[in-house]
Structures are given as C-alpha cells and as structure tokens.
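K.L.:
here you go, sequence then predicted model.
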Amino acid sequence: MNILLKTLQNKLKANPTGLYILFYTEMWELFGRFGITALLVLYLTNIFHISDAVAFSIYSAFIALTFATPILGGYLADRYLGSKHAIVFGAVLMIVGDALMVIPDKPIVFIGLATVAVGCGFFLPSIPPLVSALYENKEEKRDAGFTLYYLGKNLGALIAPVLCGIVGKVYGLNYAFVLSTLGMVSGIVIFLLGQKHLRQYNRQPLVAKTGRKFLGLNPQWGVYALSAFLIPLIYIVIKKELDGYLLAITGVIVAVILGGIFFRRNRLERKHMLAIFVAILFMMLFSAFLGQGGTTLNLFIERGVHRELFGYVLPPSFFYSLDPIFMLIMGPILAGLWMRVAKKRKEPSPTTKFAFALFILGLGFLVFVVAAHYAKHSGSASSLWVVLAYFLFPVAELMIIPVSLSLITKLAPKGLESLMVGIWMLSNAGASYFTGQISKVGQVNFSVQGRAGIERAAGIYQHLFALTATTLVVAGVVLLLLVPLMKQLIRSTRQTFA
C-alpha cells in the first residue's frame, strides 16, 4: 500500500500545481452543468408536466447554447478580458444562474438557464489554453496532462448526479441547484487563491495596451453590457425552442470568420486547421449520440430498468454518476498508458483513438439494445446492463474528448487559442442540437403505466439504440480510412500527430 501511495504521489508531483487548481475550478462548473443535465428533463416533466418532446428540445437547446456561447465568449476573452477576468466573470454568471434555478417558476428557471449559458461562454474556452500553456515545453506529457485534467474536473460530474439526486428526492428537485451554487463559489475562490501558480500563464487581452473601447465603453464594461443583452435573448431562444435557427446563423458567421483566418495563414497552418475541422466533425458525431445520457437513456432507466437496491429505489440520476465513476478508474490507466507507449514511440495516433472511441461507444449502445430487449419482453431490465454500458461510455469519451482538445490547442493558430477552443465547443452545441433531434426518434407520447406501456416504450427505445450503435460503427470505419490523410495534414516540423 505504501508503495502504491508513493507512486501515486510521484505521478501527481510530475504535473504542474496549476493543473490541479484549474481542474478543481472547472470541477465545480461541471458539477453545476451535470446537475442540470441529470435533472433538467426530470424537472421539466415531473414538476412542470412538460411533454417528452418539448423537454428534449429545451434540454438540447440549453446544452447547445452552453457550447455555442464560447464562440463569442472566447473572442471577447482573447480580445477584451484576458483569461483570468473571463474565468471569474463567467463563474459569477453561473453562480447567479444556478441560484435562479432553485426557484420553481418556469420563466425564472429559463432565465437561470440563460444566465448559466452566457457564463459558460466566458468560462469554458478560457481554461484549456491555460492547461496547454502549462505543457508548452513538455510535449510528451501533453495528452496525459489533458487526460488527467479531464479526469480531475469530472469529479464534479461524479458527485453531481448523486448529491443532486439525493437532495432532489428528499427536498425537491429545485433544491438540488443550491449545491451547484455553493460549489461554484468554492471553485472560483480556489482559482483566485491559486493565482501564484497561474499568473505567468494568464493571457492578457489583445487590446490591453491600445486603449480601444468596446461598444463605446471601457472594454470590460462593454462586455458586461453585451452580456446583459444576451441573457434575455437566450431566454427567448430557450423558451421558443429557436436553438436550431441560432446555431445555423452562428455556423454561417463562424464559417465566414474561419474562411478569413484560413486564407490569411501560411500553408502549414491551413493544413492544421483542416485537420482540426475533421477532428471536430467526428467528435461532434460522437457527442451527439453520447448526449442521449440526459434524454432517452435517462427516461429509459426511469421507466424500463429495475432500480431497487436493498429495498430502496435508486433515482435515475444515480446511474448518471456511473459514467464519471468509471472515468475516474479508467482515466489514470489511460493517461499512464499514453505516457508509457509515447516513450516507446508506439502511441496510437489521435485519429486512431477517435475511431476506437466510436467503436466503443457503439458497443455501449448495443448493450442498451439488449437491455431494451429484456424490458420489451419482461417489463423491466436488470440495472447491470446499465452498469456495463456506463463502463464503456467513459472509456470511449476519454479516447476522444481530451485528446481532441489537446490536439486543437496544439494546432490552433497563435493568438487564436480561445477562439479555436470556442469553435471546438460550438461543435458540442451542434451535437447537442442533434441530440435533441435524435432523441425525438425515441420519444414516448403515451402513458407508460403498467407492463404493457413499459413494453411498448421499450420497443421504441430499442429501435433508437440499435440505430445509434450502427451509425457509430460505420463512422469509426470511415475514420480509420482517413488516418493516412490526417497524417499528411497534421505533420509539423517537430513531430507528427495523426
């Protein structure tokens, strides 16, 4: 045991102290976000009696917006705020939004969701470039470092569904968001106290020395004014389910911006940007199907899975915590594996990792196909099927999400790191929108009461899960065929990513 603890201690010391400050800070952001994603559909359907289809749309609109706003937030952070101020401002907005979610009034809940989404816009794209800066001269530790960062912050994803689920069941779903509020306060306090380990890596805004104004105001106050305008705008988008139109407009604007950037860069940077786009496309596909954890999978578990343990019926959100539990187990194993094979120059390319991530996620959905089959024919499925699938999901996630983020921060054109991270997050916004559309294939628009209703609903879920598994496997095969092309695109003067 002493040897094991000493080995773990040495591995922890091998990383910069700033890494642990950053993942602690983002851990609480993820706690709040996972608390919302684990409970939002249940909150809407049980408290406000909203239909499955509308709840799916609201859910996907919120998730999409949390990943769409970083496009603008990343730009404003790079140009007007700088990384430290953007992180603090975003965290404050999320604290306010989480607090509003406590009030069980539908318009106020929607305002809370809108405020959280705007806060995410500044917070989310500003931390990964700091993580990247920590490993600027330690390229061999980059993928492992990002994996540990992703693993660490997912502690929030682990404890959020459990604690929020318990509080929601005992006191009411709305009171679960009190925990999110307090946790985010803790995260930002640690971030501010840990600045001695991060100060040299904080990026200053591009206009810091020019004296330029924004919207006719001091740059910071101009950003505050724009944010005050964005919150009611996003409220309307969520309420009216206009996220698809917003994403389409945003996509066109981003395409124009990227086109201008692309043609002003040198040949090597253009190749890198093309590689980023390919990586983002497949990660978007991956995330669109994985996002069903908060929609169809959540409702299938509530309706078709036997959840009783020692006489206590587990809340559906409890199973949502299995993903980060297994992530915590498998994360260090994968991080250690990448470092070991990297030393031997045998590490699989990022593209190959992406392909296997798609295969593993497809296998996880195949497990849910089997579970739905049992629910269809016997009225309920064993919770062990959920445990098995939720073991496979985080393994797949660890092979694509942190690796793609590492790749993008490495290849992003200089001075545009936050913007490129924002574009990476926009792909998650698009994925979340498609999650809502995909989930509607599995909507149940009849009463799921009694065995006949459960069996009928299970047949619908089984069809959707089988379609998902097939699509993921086909996409994985296509990506393997693209490995040689990606090697050509991502070749650099120092080393080759592929």
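P.N.:
It's in. Residues are numbered from 1 along each chain as shown.
K.L.:
for the closest residue to residue 120 other than its chain neighbours, grab the count of nearby residues.
P.N.:
Excluding its sequence neighbours, the residue lying closest to residue 120 (Cβ to Cβ, 6 or more residues apart in numbering) is residue 66, at 4.2 Å. For the C-beta atoms, the positions are set from N, CA and C on the backbone; glycine is no exception. When counting by other Cβ atoms under 10 Å, one arrives at 28 neighbours for residue 66.
K.L.:
show me where the stretch 251-400 of the chain has helices.
P.N.:
Applying DSSP state H, counting those that start in this stretch to the stretch 251-400 of the chain gives helices spanning 267-290, 296-304, 316-320, 322-343, 350-378, 383-398.
K.L.:
what about the second one, distance to the chain center?
P.N.:
Here the centre of mass of C-alpha atoms in helix 296-304, compared against the chain's by Cα atoms, centre = their mean, to the nearest Å, lies 21 Å away.
K.L.:
quick one, what contacts residue 300?
P.N.:
368, 371-372, 375, 442, 457-458, 461 (Cβ atoms under 8 Å, 6 or more residues apart in numbering).
K.L.:
recalculate using a threshold of 10 Å.
P.N.:
292, 316, 368, 371-372, 375, 381, 386, 442, 444, 457-458, 460-462, 464-465 (Cβ atoms under 10 Å, 6 or more residues apart in numbering).
K.L.:
and the longest helix for the protein?
P.N.:
Longest helix of the chain, by residue count under DSSP state H: helix 450-481.
K.L.:
tilt between it and helix 267-290?
P.N.:
Relative orientation of helix 450-481 and helix 267-290, computed by axes from the mean of the first three to the mean of the last three Cα atoms, to 10 degrees: 160 degrees.
K.L.:
buried ones in helix 450-481, by neighbour count?
P.N.:
Buried residues in helix 450-481, defined by neighbour count with 16 or more other Cβ atoms under 10 Å: 454-455, 457-458, 460-462, 464-469, 471-473, 475-476, 479-480.
K.L.:
likewise for stretch 251-258?
P.N.:
Neighbour-count burial for stretch 251-258 flags 254, 258 (criterion: 16+ other Cβ under 10 Å).
K.L.:
just the C-alphas of that stretch, formatted as PDB.
P.N.:
C-alpha atoms of stretch 251-258 as PDB (Å, rounded to 0.1, in the frame of the first residue of the first chain):
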ATOM      1  CA  GLY A 251     -22.500  28.500 -38.100                       C
ATOM      2  CA  VAL A 252     -22.600  30.800 -41.100                       C
ATOM      3  CA  ILE A 253     -20.900  33.600 -39.200                       C
ATOM      4  CA  VAL A 254     -18.200  31.200 -37.900                       C
ATOM      5  CA  ALA A 255     -17.600  29.800 -41.400                       C
ATOM      6  CA  VAL A 256     -17.100  33.400 -42.700                       C
ATOM      7  CA  ILE A 257     -14.700  34.200 -39.900                       C
ATOM      8  CA  LEU A 258     -12.800  30.900 -40.300                       C
END
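K.L.:
the bottom helix or strand of this structure by mean pLDDT?
P.N.:
When the helices and strands of the chain are compared on mean pLDDT, DSSP states H and E, helix 2-13 comes out lowest with a mean of 50.
K.L.:
helix or strand right after that helix?
P.N.:
For helix 2-13, the succeeding helix or strand toward the C-terminus, using DSSP states H and E, is helix 17-46.
K.L.:
now do the contacts for residue 441.
P.N.:
Listed by Cβ under 10 Å, 6+ apart, the contact partners of residue 441 are 296, 460-461, 463-464, 467-468.
K.L.:
repeat that for 7 Å
P.N.:
Shown in contact with residue 441 (Cβ atoms under 7 Å, 6 or more residues apart in numbering): residue 464.
K.L.:
ok, residue 121 next?
P.N.:
Applying Cβ under 7 Å, 6+ apart, the residues near residue 121 are 69-70, 72-73, 90.
K.L.:
want to throw those residues into TSV with neighbour count, pLDDT and distance to residue 232?
P.N.:
Formatted as TSV, the contacts of residue 121 follow (neighbours: other Cβ atoms under 10 Å; pLDDT from 0 to 100; distance: Cβ to Cβ, whole Å):
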residue	neighbour count	pLDDT	distance to residue 232
69	30	84	14
70	29	81	19
72	22	83	16
73	30	85	17
90	30	92	18
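K.L.:
among those, which pair sits farthest apart?
P.N.:
72 and 90 (12.0 Å; Cβ to Cβ).
K.L.:
helices - which of the contacts of residue 121 land there?
P.N.:
Counting by DSSP H, the contacts of residue 121 place 69-70, 72-73, 90 in helices.
K.L.:
make TSV from those and add distance to residue 136 to it.
P.N.:
Below are the ones in helices among the contacts of residue 121 laid out as TSV (distance: Cβ to Cβ, whole Å):
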residue	distance to residue 136
69	27
70	22
72	27
73	23
90	24
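K.L.:
and of the residues you listed, the nearest to residue 264?
P.N.:
When those are compared against residue 264 (criterion: Cβ to Cβ), the nearest one is residue 72, at 20.8 Å.
K.L.:
what residues are up against the closest one?
P.N.:
Residue 72 is in contact with residue 121, counting by Cβ under 7 Å, 6+ apart.
K.L.:
how close does it get to residue 426?
P.N.:
Separation of residue 72 from residue 426 (Cβ to Cβ, to the nearest Å): 10 Å.
K.L.:
closest one to residue 269 out of the contacts of residue 121, please.
P.N.:
residue 70 (21.5 Å).
K.L.:
the closest one and residue 422 touch, don't they?
P.N.:
Yes. Using Cβ atoms under 7 Å, residue 70 is in contact with residue 422, at 4.0 Å.
K.L.:
anything in contact with each of the two?
P.N.:
Taking Cβ under 7 Å, 6+ apart as the criterion, residue 70 and residue 422 both touch residue 125.
K.L.:
so what's residue 232 closest to, chain neighbours aside?
P.N.:
residue 114 (7.3 Å).
K.L.:
and the helices of the stretch 251-400 of the chain: which comes nearest residue 119?
P.N.:
Residue 119 sits nearest to helix 267-290 of all the helices of the stretch 251-400 of the chain, at 20.6 Å, using Cβ to Cβ.
K.L.:
check which residues of the closest one are buried.
P.N.:
Neighbour-count burial for helix 267-290, with 16+ other Cβ under 10 Å as criterion, is recorded at 269-276, 278-280, 282-290.
K.L.:
name the helices or strands packed onto it?
P.N.:
If you count contacts as 3 or more Cβ pairs under 7 Å, 6 or more residues apart in numbering; DSSP states H and E, helix 267-290 packs onto helix 350-378, helix 401-411, helix 417-439, helix 450-481, helix 483-490.
K.L.:
mean pLDDT for those helices - can I get that in TSV?
P.N.:
Shown next, in TSV, are these (pLDDT from 0 to 100):
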stretch	mean pLDDT
helix 350-378	90
helix 401-411	79
helix 417-439	77
helix 450-481	87
helix 483-490	80
